[in-house]
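**Student:** Predicted model and sequence below, questions to follow.
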Amino acid sequence: MATMGGTKSHKIPFWELAKGLIVRGHNITFLSGFPADFHLDGLHEVTPAGLVEFIHNYTNWDLLGSRMAGEMPIKPWDGLRYAFESCDAMLGDAETKELTNRSFDLAILDGAYPECLLGMVHQYKIPFMYINTVGFYTGSLSVAGNPISYAITPNFYSRFTDNMSLYERAINTGMQIGQNILHSYVMRRTYRIVRDHLGENIPHPYEMSRNVSFILQNGHAVVSYPRAFNPNVAEVACIHCKPARALPKDLEEFINASGASGFIYVSMGSSVKAANMPESLRRMLVKTFARLPYQVLWKYEGSAADMQDLTPNVKLSRWLPQQDILGHKQLRAFVTHGGLLSMFETVYHGVPVVTMPVFCDHDVNSAKAEVDGYAIKLDLETLSTNQLYKAIMKVIHDPRYRNAARYRQNLLLDQRSTAMETAIYWTEYVLRHKGAYHLQAQARNLSWWQYYLLDVVALYLLSLYVLVLLLKRLDFRTEKVRSLHVTGPSSPTATKKKAKKL
């Protein structure tokens, strides 16, 4: 297993699938840029030092400050260079090079950016799968031949839903085409690096990625959107979700201090560091929480000494057991950034939510939750204390939000098999059938103009044009013959003219 993802959340689906596979006798090597947090028999985690250092330096960002200022959280060039620079850091590391001397039966890669690792897989000569960790990303799905309509598939960086106006469809299409063009440029740079490290005989990343055996899609019609997929795609949203367990004693005592009124949970996930937020936002949150008649659990990575103005109803912690908190009967609302895994957990536990999107897919995740009725989406650029306070109170006291969350919860849980069971079945299916290549669609080998029949349209238009020309030519000749027949020497008109002249 391997992920080149730049945030730690990319590891979670892999961890969960690894746990499920290990108990069935599989041995797993897992490569990522984040050191292991725990030991698990049967799981060997490899964290190349070069990749770890690169990601650490790359992600030293102020996402919240940029979003509040109306700026792009990640500069365009930074977004582009991550792919090939992280690839160079990973392939050039000694731990990675040691892996090339080992043998494996199957590779499971992160579909958000698998291209660098495909060179290693090509050398192993083994089948490979994807876990599409970014649920709204369509790149790896499209290359595998799945239908991706820009009319109903919102770009993962957009704020759209699947119900778009003409203007929104135009913008969405432009974003998709623009990203495809930029991606092709990034792949050229990545391809050069892969060949430098692994040899000149490595095929182009696009050519290799078409041969993916199976894709575990981190989505579901209930929490993302209904989509058409080929037989080698299965949805496994919430593979990491699990029932809540009892909370540690200190957290339970803090919650119980609120009595029947309950508490609120605040977390901006793993990629957005709350400790790096602008001072203006920190004061805004502190003032808002002070007004609330609830206890507030706040995941905050900074020092509590920086919060001298914090009121007694707020408890800070660098880490909190999120799913155990979301499943607590006293929880009234969740305030978060709109990360995909957090939104899945929200539905799984049936909790209303207030989102403050920051970057990447946060906006499109939040837009879906708002359409489904269990969330209120706020904009950090225009956020005020009063606005945040009203939003929190509304999702708590308006029963429509909790009812919508529980309705989605029932839909998500009403499945023939769990996401984990589905993922394990298809992984072992690919192993049993040596790549399961019979599930691949021929569409993966078609260019985009062939897939959308543009070459056929061009052929028909050309044929129609030729037919019209032929008809015009035939009509012209018919008229000419008719004219000659009517005005010829033996015609009545010609005889009359000749007689008149005589």
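**Tutor:** Nice, thanks for sending it over.

**Student:** Let me see the contact set for the most centrally placed residue in the chain.
**Tutor:** The chain has Val134 as the residue nearest its centroid, 2.5 Å off, counting by C-alpha atoms, centre = their mean. Counting by C-beta atoms under 8 Å, 6 or more residues apart in numbering, Val134 makes contact with 111-112, 156, 218, 340, 360-361. The way it works is simple: take the backbone N, C-alpha and C, and place the C-beta from them, glycine included.

**Student:** quick one: it is in a strand?
**Tutor:** No - under DSSP: H, G, I helix; E, B strand; the rest coil, Val134 sits outside any strand and is assigned coil.

**Student:** Closest one of the contacts of Val134 to Lys19?
**Tutor:** Asn218 (16.4 Å; C-beta to C-beta).

**Student:** Can you pick out the most distant pair from the contacts of Val134?
**Tutor:** Gly111 and Cys360 (14.9 Å).

**Student:** ok, Gly65 - contacts?
**Tutor:** 276-278.

**Student:** actually Phe214, not the one I typed
**Tutor:** 129-130, 232-234, 426-427, 429-430, 436, 439.

**Student:** Give me the neighbour count for the closest residue to Leu320 other than its chain neighbours.
**Tutor:** In this structure, Leu320 finds its nearest non-sequential neighbour in Lys299, 5.0 Å apart by C-beta to C-beta, 6 or more residues apart in numbering. Using other C-beta atoms under 10 Å, Lys299 is surrounded by 19 other residues.

**Student:** so which of the contacts of Val134 is the most crowded?
**Tutor:** Asn218 (30 neighbours).

**Student:** how close does that residue sit to Pro73?
**Tutor:** 22 Å (C-beta to C-beta, to the nearest Å).

**Student:** cool, Pro154 as well?
**Tutor:** 19 Å.

**Student:** So which of those two has more stuff around it?
**Tutor:** Pro154 (27 against 19).

**Student:** Now do the contacts for that one.
**Tutor:** 136, 160-162, 164, 172, 364, 367.

**Student:** same thing but 7 Å
**Tutor:** 136, 160-162, 172, 364 (C-beta atoms under 7 Å, 6 or more residues apart in numbering).

**Student:** Leu63: which of the contacts of Val134 is nearest?
**Tutor:** Once C-beta to C-beta is applied, the member of the contacts of Val134 that ends up nearest Leu63 is Cys360, at 9.3 Å.

**Student:** Got phi/psi on that closest one?
**Tutor:** phi 50, psi -120 (degrees, to the nearest 10).

**Student:** which residue packs closest to it, ignoring adjacent ones?
**Tutor:** Cys360 sits nearest to Tyr157 (C-beta to C-beta, 6+ apart), 6.8 Å away.

**Student:** again, but for Met307
**Tutor:** Leu316 (6.5 Å).

**Student:** Quickly list the domain ranges of the protein.
**Tutor:** With domains defined by automatic domain parsing, the chain comprises 8-237+416-451, 249-413, 454-496.

**Student:** Please, where are all the helices along the stretch 301-450 of the chain?
**Tutor:** 322-326, 340-349, 362-371, 385-397, 399-413, 419-432, 448-451 (DSSP state H, counting those that start in this stretch).

**Student:** Check the stretch 151-300 of the chain too.
**Tutor:** Under DSSP H, counting those that start in this stretch, the stretch 151-300 of the chain gives helices at 166-198, 205-209, 249-256, 279-291.

**Student:** out of those helices, nearest to Gly25?
**Tutor:** Nearest to Gly25, of these and by C-beta to C-beta, is helix 205-209 at 29.0 Å.

**Student:** Please report the distance of Thr133 from Ser447.
**Tutor:** In terms of C-beta to C-beta, Thr133 sits 27 Å off from Ser447.

**Student:** isn't Leu412 right up against Gly219?
**Tutor:** No - counting by C-beta atoms under 7 Å, Leu412 stays clear of Gly219, with 11.5 Å between them.

**Student:** one step back: JSON lines for the contacts of Val134, including distance to His349?
**Tutor:** Output for these, formatted as JSON lines (distance: C-beta to C-beta, whole Å):
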{"residue": "Gly111", "distance to His349": "26"}
{"residue": "Ala112", "distance to His349": "25"}
{"residue": "Phe156", "distance to His349": "24"}
{"residue": "Asn218", "distance to His349": "18"}
{"residue": "Leu340", "distance to His349": "15"}
{"residue": "Cys360", "distance to His349": "23"}
{"residue": "Asp361", "distance to His349": "21"}
